[in-house]
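J.: A predicted structure for the sequence below; I have some questions about it.
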Amino acid sequence: MSASELPDLFHLGWVVRDCAEAQDELHERFGAGPFRTIGETSRFDGALVHGRPTSFALKIAFGVLGGVLLELLEPLDQRSPHAEFLAERGEGLHHLAFLVPDLDDRLAAARSADPPAELLVDGTGPGNPVRWAYLEGDGLHGTVVELIERSELSLSLFGPVLELLGPDRR
């Protein structure tokens, strides 16, 4: 999948040990914010991780850093790919996320690329109200690509997050 095939970047996903602490530090050091926490806990029960059904929970906050939407992800258990990332690499950039008009087309293109992209997380099943997937980061120097299907539901769920960017960037 080439960059010319992708829409504009939606957000950067950053794995952190403590979501609240990371928000404070990013605000103090770089003026990042405002931040919006997505519920107390975000549960993912209908995803396949490395091809196996896996439930996991995260604390998630979105904020603005230098005009870019930043997603902070704090693993709340050891089952998520985010916990795996944190254990292996520590805190840091985990993924680049894109809202795509047709997730099936993007996944087919990724699978037919040379070399083909492997699925890290498949969130396209019926237990997922918003269809999404993580593609392994092997082709991007370890950075995962998240594809989220652009739909009325995904835009309504992410509406409050998109408002953080201001009216001109929605």
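T.: In hand now; what should we look at?

J.: so Glu28 is in which element?
T.: Secondary-structure element containing Glu28, defined by DSSP states H and E: helix 19-30.

J.: what's the spacing between that helix and its chain's center?
T.: 19 Å (C-alpha atoms, centre = their mean, to the nearest Å).

J.: Not counting that helix itself, show me its contacts.
T.: Applying C-beta atoms under 8 Å, 6 or more residues apart in numbering, the set of residues contacting helix 19-30 from outside is 14, 16, 32-33, 35, 37, 59-61, 63, 65-66, 70, 72-74, 91. For glycine as for every other residue, the C-beta is placed from the backbone atoms N, C-alpha and C.

J.: Buried ones in that helix, by neighbour count?
T.: Buried positions in helix 19-30, judged by neighbour count with 16 or more other C-beta atoms under 10 Å: Cys19, Ala22, Gln23, Leu26.

J.: and whichever helix or strand comes after that helix, what does it pack onto?
T.: Counting by DSSP H and E, the element after helix 19-30 in chain order, helix or strand, is strand 35-37. Using 3 or more C-beta pairs under 8 Å, 6 or more residues apart in numbering; DSSP states H and E as the contact criterion, the elements in contact with strand 35-37 are helix 19-30, strand 52-65.

J.: could you redo those as JSON lines and give each row distance to Leu6?
T.: What follows is the helices and strands packed on strand 35-37, written out as JSON lines (distance: least, C-beta to C-beta, whole Å):
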{"stretch": "helix 19-30", "distance to Leu6": "26"}
{"stretch": "strand 52-65", "distance to Leu6": "20"}
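
J.: Those into JSON lines, with extra columns for distance to Val130 and mean pLDDT?
T.: Output for these, formatted as JSON lines (distance: least, C-beta to C-beta, whole Å; pLDDT from 0 to 100):
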{"stretch": "helix 19-30", "distance to Val130": "20", "mean pLDDT": "96"}
{"stretch": "strand 52-65", "distance to Val130": "13", "mean pLDDT": "95"}
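
J.: so where's this structure shaky on pLDDT?
T.: Low-confidence regions of the chain, defined here as pLDDT under 70, cover residues 1-4, 139-141, 168-170.

J.: Need the residues that contact stretch 130-140.
T.: With contacts defined as C-beta under 8 Å, 6+ apart, stretch 130-140 is touched by 81, 95-96, 103, 107, 110, 113, 115, 117-124, 143-149, 151, 153-154, 157.

J.: coming back round to it: can the buried residues of helix 19-30 go into JSON lines with extra columns for distance to Leu135?
T.: Shown next, in JSON lines, are the buried residues of helix 19-30 (distance: C-beta to C-beta, whole Å):
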{"residue": "Cys19", "distance to Leu135": "24"}
{"residue": "Ala22", "distance to Leu135": "25"}
{"residue": "Gln23", "distance to Leu135": "27"}
{"residue": "Leu26", "distance to Leu135": "26"}
